[in-house]
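1. need a 3D model of the following:
(chains A, B, C and D)
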There are 2 protein chains.
Amino acid sequence: MDTKKKVSLAVIRRLPRYFRYLSDLLQMDITRISSKELSARMGITASQIRQDLNCFGGFGQQGYGYNVESLYKEISNILGLNNDYTTIIIGAGHMGQALANYGNFEKRGYKLIGIFDVNPELVGRKIKDIEISHMDTLEDFIKNNKVDIAMLSVPFEQTRCVADKVAGLGIKGLWNFSPMDLKISYDVVIENVHLSDSLMVLGYKINEKLKESKQQKTIKTSKHSK
Amino acid sequence: MDTKKKVSLAVIRRLPRYFRYLSDLLQMDITRISSKELSARMGITASQIRQDLNCFGGFGQQGYGYNVESLYKEISNILGLNNDYTTIIIGAGHMGQALANYGNFEKRGYKLIGIFDVNPELVGRKIKDIEISHMDTLEDFIKNNKVDIAMLSVPFEQTRCVADKVAGLGIKGLWNFSPMDLKISYDVVIENVHLSDSLMVLGYKINEKLKESKQQKTIKTSKHSK
DNA sequence: ATACTCTTGTTATTTTATTGTCAATATTGC
DNA sequence: GCAATATTGACAATAAAATAACAAGAGTAT
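-> Predicted structure coming up:
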């Protein structure tokens, strides 16, 4: 009986990083890598790498390390990159267009098959050979095509409504770009991308650094304080 | 002597979320909130909320809870949202344009003052009253203007080079959209946004869910297995 | 004013994540 | 082929994060 316990999200979120580094190694024609060497490149401990990988199976070999290509493939599989997911973009504004034009997703097996918007100025225009359709046609489209993932780049106010709609139509995953924590009752997986949150964290870090350097100066100039 | 120990990044990354929820509460004219109620809204424990906030000071009051407006302001301050950071965008491709057109950043005190690209087709065009300048003018621009943050949306291959350049010119923070872990020796703070990583995690989650439901079916149909 | 309720800030506990250690075993060099 | 070296996977130890517990104090109702 399969009693392997659920792998923590912390580990999962590191997998794409491993994937990227392995991809780089492949490009450099490096065929084998030890956890120690990878650890040096990635700036994390070798122990963590071995432990992470062992959540999914013993991909390495004692005295040798890991074979780059096969580890790469293993991680691809774990991430489901060979599943050939189909995607649609809902909201063809600037962010939606940026997503549509970003080629890397296709390369990883995410095939864009539809773009939708309510704006009549946008409907009919083409992005990468895909014509932007009106939102009214969304329901029929999803019913007639297998759509795995919807990328949501609609205005904040419409996000919840659109999300509920596509969730009800049987979409498997939502990639949400609105600054809200989408929660859906349906059986849909959600990944939120909160750009503003990320920018705020950057702001915080800068702020901290500034405070630090100010404190440094204070310490240097006021030698009389205890 | 200020001996408060560094607040963990895990806490910091939750601050923008608190900020968002408080912002919502303000809009709903809710003036006070208890950790318990906020916990119910956010789906995290009340204990965590209290502990997080207490990293920065006792903003609450026993028997009352937290005053929404003043907590909102406190968190704004912690995040440095009142610092009026200036930003530039390097790389005016689709993602750069999306960033330039995203109004929320301005609202939070991030003022866009320059956009740069190498493409002569783009140079001279205006986005939101800001003319796209050629990369050759970047150095002078940074020397003549206080630029806090550079948003990097240049092609993968050029990212490292551009990052090093602006870091050397005294920029405080980098917001990196390339799928690489930027590391800079200079005194620059970096926040990476890895969209592909996020999409891969979504793929993983979908994959997991699929496997789960398949397993469910197996269990249901094969009652003879032990 | 008094009793009772609510809710914080803090400390204790539990859980989760990371790091360190080491026996087992494959590889490498001679 | 044998000794020396390298490196994993498993597990133990440590560190960090999340949760629970609770005393103390403020708010509320009567």
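
2. what does chain A put close to DNA strand D?
-> Counting by CB under 7 Å from any atom of the strand, chain A comes close to DNA strand D at A:34-37, A:46-47, A:50-51, A:53-54, A:58-66. The C-beta positions use only the backbone N, C-alpha and C, and glycine is treated the same way.

3. so among those, which ones count as buried?
-> Neighbour-count burial (16 or more other CB atoms under 10 Å in any protein chain shown) applied to the residues of chain A next to DNA strand D gives A:34, A:35, A:37, A:50, A:53, A:60, A:65, A:66.

4. of all those, which comes closest to residue A:78?
-> Nearest to residue A:78 among those is residue A:53, at 9.7 Å by CB to CB.

5. what's near enough to touch the closest residue to residue A:187 other than its chain neighbours?
-> Computed as CB to CB, 6 or more residues apart in numbering or on different chains, the closest residue to residue A:187 that is not its neighbour in sequence is residue B:209, at 7.4 Å. With contact set as CB atoms under 8 Å, 6 or more residues apart in numbering or on different chains, residue B:209 has these partners: A:172, A:187, A:189.

6. returning to what we had before: reformat the buried ones among the residues of chain A next to DNA strand D as JSON lines; add pLDDT.
-> Formatted as JSON lines, these follow (pLDDT from 0 to 100):
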{"residue": "A:34", "pLDDT": "97"}
{"residue": "A:35", "pLDDT": "97"}
{"residue": "A:37", "pLDDT": "96"}
{"residue": "A:50", "pLDDT": "97"}
{"residue": "A:53", "pLDDT": "97"}
{"residue": "A:60", "pLDDT": "94"}
{"residue": "A:65", "pLDDT": "96"}
{"residue": "A:66", "pLDDT": "97"}
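
7. sorry, back to before: so which of the contacts of residue B:209 is the closest to residue A:127?
-> For these, the nearest to residue A:127 is residue A:172 (23.2 Å; CB to CB).

8. max-length strand in chain A?
-> strand A:110-117 (DSSP state E).

9. need the strands for chain A, in chain order.
-> Using DSSP E, strands in chain A cover A:32-33, A:60-61, A:65-67, A:85-90, A:110-117, A:126-127, A:130-134, A:149-152, A:173-176, A:189-192.

10. just these: most buried one?
-> strand A:149-152 (a mean of 26; mean count of other CB atoms under 10 Å in any protein chain shown).

11. ok, that one: who's next to it in the sheet?
-> Each strand paired with strand A:149-152, and its direction, by DSSP bridges: strand A:85-90 (parallel), strand A:173-176 (parallel).

12. ok, back up a step: of the contacts of residue B:209, the lowest pLDDT goes to which?
-> pLDDT is lowest at residue A:187 among the contacts of residue B:209; the value there is 88.

13. what's the local residue count around that residue?
-> For residue A:187, the neighbour count with other CB atoms under 10 Å in any protein chain shown is 10.

14. thanks again, I'm all set now.
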